[in-house]
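Colleague: structure for the following, please:
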Amino acid sequence: MPTKGHYIHCHHCRAPLPLNSLLHSSHHHLPIFILTGKMQHAPVFTRLLTLSVCLLFLSCTTHAHNITHILAKYPEFSTFSHYLTVTHLAGEINRRQTITVLAVSNAGMADLLSKHLSVYVIKNVLSLHVLVDYFGARKLHQITDGTASSATLFQSTGSAPGTAGFVNITDLKHGKVGFGAQDSGHLNSYFVKSVVEIPYNISVLEISQILTSAVAEAPAEAPSLNLTIMLSKQGCKAFGDLLEASGAIKTFEENADGGLTVFCPSDDVIKGFMPKYKNLTAAGKVSLLLYHGIPIYQSMQMLKSSNGLTNTLATDGAKKYDFTVQTEGEDITLETKVVTARVTGTVLDQEPVVLYKINKVLLPRELFKGTVEDDEAESPKAASPKSSKKSKDDTADSPDADSPESDDSEDSTADQDDENGGGRFDGGRWASVLLTVFAGAFVLF
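Modeller: Residues are numbered from 1 along each chain as shown. Alright, predicted model coming up:
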């Protein structure tokens with residue numbers, strides 16, 4: 001078994017790390033080590049154990065973080081967290097490996113919101129509060145020459161002219177640390193406390209108030225939206241063509257500025273559904289197409305948290321035209337009384353419009369009676385031998401005529417992971433670790 005004489009050295013800083021405390025070590029340079037000292041002469045079992053532990057660290061270490069999950073534990077930052085999601089800054093923060101978030105309390109956010117800025121301007125202001133460097137509480141008081149300048153997301157994304165996207169940080173007297181936007185020329189906010197620090201991955205620091213910046217608060221134009229062009233991307237052209245031909249596109253465009261979520265069946269799905277679509281009346285066709293739109297903007301994260309009934313663009317008084325959003329893990333399904341469709345990917349997410357691809361046409365009970373057994377239709381095990389003898393016409397007419405399995409966009413997992421910043425268990429890595437350990441055992445013996 002490992003003893004006090006068995007140790008390894010950190011590859012970065014050469015600090016000696018006793019093997020018997022390795023699993024409980026908080027050394028910030030883990031997991032990169034080299035074997036040194038007495039370990040070279042240790043028993044084979046000890047060397048093998050060390051190799052296994054090192055490989056375990058290498059396979060399991062992850063830099064994944066989720067800013068909204070972090071802030072969820074602190075209700076005083078709920079408004080700040082909400083607007084990180086609405087402006088899509090949360091996803092950008094989660095994709096960064098080294099980041100510092102200058103969080104502002106709900107009271108501080110109230111001052112910003114009282115200015116009635118557009119969501120695009122709020123995004124610029126909040127992006128000024130995300131430093132693309134790591135600053136923990138200790139580092140703030142160890143700044144060389146007492147002052148430093150850090151780039152922000154406002155600068156790195158190219159939204160800021162010149163150096164307006166930099167923030168000045170100054171270590172002041174009596175333990176105070178001041179923050180100020182470079183274009184303002186003064187420090188208007190101060191360090192309050194450290195909220196969360198994960199060296200050297202993400203740090204969340206509370207500051208006293210919103211950083212003032214005339215450049216960040218300047219009016220920002222909304223991005224131009226052409227729904228037809230958007231729908232022509234990544235296999236949604238057929239759906240867009242139906243919107244144009246039926247005239248339903250006008251309703252979608254009228255709702256775009258105020259927020260719009262569109263669920264687009266893929267081209268292959270639309271092609272298989274066309275026989276049934278042609279049997280609908282002109283009004284029925286419009287209602288069916290409007291059924292695929294929600295008159296509010298819902299990002300992937302917002303969609304996951306909005307389980308339950310939701311109205312659509314087709315909803316009209318007694319004609320409910322609603323469906324149920326259900327989330328199970330990373331899967332999002334849309335359930336009507338007739339069919340269950342699955343969200344397979346994000347075609348485009350550009351506030352205030354988001355387009356999702358789905359694997360089936362949504363069939364409202366107001367137009368299609370009966371219930372389709374989706375699980376049996378999708379499961380190979382549930383399909384009986386007789387089902388393969390169905391005529392081609394039956395297959396074409398079926399509302400379950402989905403696109404091939406490959407149509408489920410491989411990008412959907414990446415889109416959802418990017419939004420949540422979460423890591424997943426990778427069985428392949430564990431397998432490689434075990435194989436490497438056994439190979440190492442042969443070499444050591």
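Colleague: for the chain, what helix or strand is lowest in average pLDDT?
Modeller: When the helices and strands of the chain are scored by mean pLDDT, DSSP states H and E, helix 392-397 comes last with a mean of 36.
Colleague: name the nearest residue to Gly180, ignoring sequence neighbours.
Modeller: Nearest-residue entry for Gly180: Leu187, 3.9 Å, with adjacent residues in sequence omitted and distances by C-beta to C-beta, 6 or more residues apart in numbering. Using the backbone N, CA and C atoms, a C-beta is placed for each residue, glycine as well.
Colleague: buried stuff in the strand or helix carrying Thr79?
Modeller: Using DSSP states H and E, the element containing Thr79 is helix 78-86. Residues of helix 78-86 classed as buried: Thr79, Phe80, Ser81, His82, Tyr83, Leu84, Thr85, Val86 (neighbour count, 16 or more other C-beta atoms under 10 Å).
Colleague: got those residues as TSV, with pLDDT columns?
Modeller: Formatted as TSV, the buried residues of helix 78-86 follow (pLDDT from 0 to 100):
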residue	pLDDT
Thr79	95
Phe80	96
Ser81	94
His82	92
Tyr83	92
Leu84	92
Thr85	84
Val86	81
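Colleague: where in the protein is pLDDT low?
Modeller: Scanning the chain for pLDDT under 70 picks out 1-63, 222-225, 370-445.
Colleague: may I have the helix or strand where Asn94 lies as PDB, with CA atoms only?
Modeller: Per DSSP H and E, Asn94 falls inside helix 89-95. These are the backbone C-alpha positions of helix 89-95, laid out as PDB (Å, rounded to 0.1, in the frame of the first residue of the first chain):
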ATOM      1  CA  LEU A  89     -25.100  35.200 -22.800                       C
ATOM      2  CA  ALA A  90     -25.600  32.100 -20.600                       C
ATOM      3  CA  GLY A  91     -24.700  29.800 -23.500                       C
ATOM      4  CA  GLU A  92     -21.700  31.800 -24.400                       C
ATOM      5  CA  ILE A  93     -20.500  31.800 -20.700                       C
ATOM      6  CA  ASN A  94     -21.000  28.000 -20.500                       C
ATOM      7  CA  ARG A  95     -18.900  27.500 -23.700                       C
END
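Colleague: give the pairing partners of the helix or strand following that helix; include direction for each.
Modeller: Remark: after helix 89-95, the chain's next helix or strand is strand 99-103, criterion DSSP H and E. Listed by DSSP bridges, the sheet partners of strand 99-103 and their directions read strand 130-131 (antiparallel), strand 202-207 (parallel).
Colleague: what inclination does whatever helix or strand comes next after strand 99-103 have with respect to helix 78-86?
Modeller: Using DSSP H and E, the helix or strand that directly follows strand 99-103 along the chain is helix 106-113. Per axes from the mean of the first three to the mean of the last three C-alpha atoms, to 10 degrees, the angle that helix 106-113 makes with helix 78-86 is 50 degrees.
Colleague: using CSV, write out the CA atom coordinates for helix 106-113.
Modeller: Taking C-alpha atoms only, helix 106-113 is exported to CSV below (Å, rounded to 0.1, in the frame of the first residue of the first chain):
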residue,chain,number,x,y,z
ASN,A,106,-31.9,42.2,-8.2
ALA,A,107,-31.9,45.7,-6.9
GLY,A,108,-29.0,46.6,-9.2
MET,A,109,-30.8,45.0,-12.2
ALA,A,110,-33.9,47.1,-11.4
ASP,A,111,-31.9,50.2,-12.0
LEU,A,112,-30.9,48.9,-15.4
LEU,A,113,-34.4,47.8,-16.3
